[in-house]
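Student: sharing a model that was predicted from the sequence below.
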Amino acid sequence: MKRYLLSAAALCFAMAMSAQSLFVGSYNIRYHNSDDDRNGNVWKTRCKVICDQVNFESPDIFGAQEVLHAQLGDLLGALDGYDYIGVGRDNGKTKGEYAAIFYKKDRVKLLNKGNFWLNETPDKPKLGWDAACIRICSWGEFEQAETGFRFYYFNLHMDHVGVVARREAAKLVVKKIGEIAKGAPVVLTGDFNVDQNDEIYRIFTSSGILNDSYTHARLRFAENGTFNSFNTSFWSTSRIDHVFVSPQFAVDRYGILTNAYWTPKATDAQKGNDAPSEIKFEKRDRRAPSDHYPVMVHMEYKNQERK
């Protein structure tokens with residue numbers, strides 16, 4: 001009996017070592033601007049909802065896009081136990097949008113980090129090809145605290161105008177992943193501004209080093225596309241925010257999270273016909289916390305040894 005219990009314990013330990021979990025995500029939070037505020041999509045309100053949602057889901061690590069420096073401070077002040085890496089795309093310091101990577105400090109340890117720009121000279125911040133904006137990819141090498149598992153995480157925002165820029169950026173990113181990660185497990189997240197039907201999307205999925213977590217997921221919860229234009233009534237099948245992972249990962253669950261919040265209207269409270277008398281209803285505007293929905297992915301890596 002004792003031998004059986006020891007064997008069972010050893011088997012459980014071996015199984016734990018051969019399949020450990022990682023929870024990742026991608027979230028374009030929408031850069032703060034006065035037009036959005038005037039239209040009711042106020043950053044101060046949106047920030048609280050975004051951070052509440054992230055804190056509730058509690059991913060180990062996630063990539064964010066369109067993060068201005070002031071927004072970075074707001075996010076760090078409200079996110080629970082997260083640190084970040086990344087720089088402003090316009091000057092490699094604090095100017096312009098960040099493609100920031102946020103990670104739980106008690107779950108993953110930062111080992112190395114870097115940035116490259118999506119242009120013909122990736123070590124310099126400037127426009128690339130026919131792009132309308134300067135674009136950047138930030139990356140980090142991380143080690144999972146509990147298991148010692150090491151992986152690379154890349155996060156980017158590709159151009160919304162330049163088709164050539166998107167195509168060449170995709171080729172560049174695949175090349176850079178090969179050079180930097182050197183075959184190690186990789187996660188690539190971002191707003192790619194191309195959906196799953198675009199030929200540029202296939203540059204990633206046909207690379208041999210990246211899978212689309214959506215297509216490889218055991219379970220999918222994706223009742224909408226990832227872009228909503230701040231209108232919760234819009235529906236699409238297009239996914240322009242992607243989570244690509246290397247083949248070492250087995251994707252368990254993939255979700256596009258369409259959570260919303262409500263802002264008041266100047267109307268009187270009403271009672272529902274079939275509701276208990278204690279319940280009163282108000283007419284409110286249903287809003288999305290960003291013009292993109294976040295993508296969250298649960299996955300496992302296998303056959304990794306504890307360091």
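Tutor: Structure's in. What do you need? Here the structure is a predicted model, which means the values were calculated and not measured.

Student: quick check: Ala237 touching Gly225?
Tutor: Ala isn't right for residue 237; it's Thr. Yes. Taking C-beta atoms under 8 Å as the contact criterion, Thr237 and Gly225 are neighbours in contact, 5.8 Å apart. All C-beta atoms are positioned from the backbone trio N, CA, C, and that covers glycine.

Student: neighbour count: these two, which is higher?
Tutor: For Thr237 versus Gly225, the count of surrounding residues by other C-beta atoms under 10 Å is larger for Gly225: 20 against 10.

Student: how many other residues sit next to the residue nearest to that one when sequence neighbours are not counted?
Tutor: With C-beta to C-beta, 6 or more residues apart in numbering as the measure, Ser236 is the residue that lies nearest to Gly225, at 3.5 Å, once sequence neighbours are left out. Around Ser236 sit 13 other residues, with neighbours defined as other C-beta under 10 Å.

Student: per-residue pLDDT, Phe281?
Tutor: What the model reports as pLDDT for Phe281 is 86.

Student: same check on Ser277?
Tutor: Confidence at Ser277, expressed as pLDDT, is 72.

Student: same thing with Ile240?
Tutor: pLDDT for Ile240: 98.

Student: identify the residues contacting it.
Tutor: Contacts were defined as C-beta atoms under 8 Å, 6 or more residues apart in numbering; by that measure Ile240 touches Asp191, Phe192, Asn193, Val194, Asp195, Gly225, Thr226, Phe227, His292.

Student: again, but for Lys171
Tutor: Ile203.

Student: what's Glu179 sitting at in phi/psi?
Tutor: Glu179 has phi and psi values of phi -70, psi -40 when expressed as degrees, to the nearest 10.

Student: ramachandran angles for Ile56?
Tutor: Actually, residue 56 is Phe rather than Ile. In terms of degrees, to the nearest 10, the main-chain angles of Phe56 are phi -70, psi -50.
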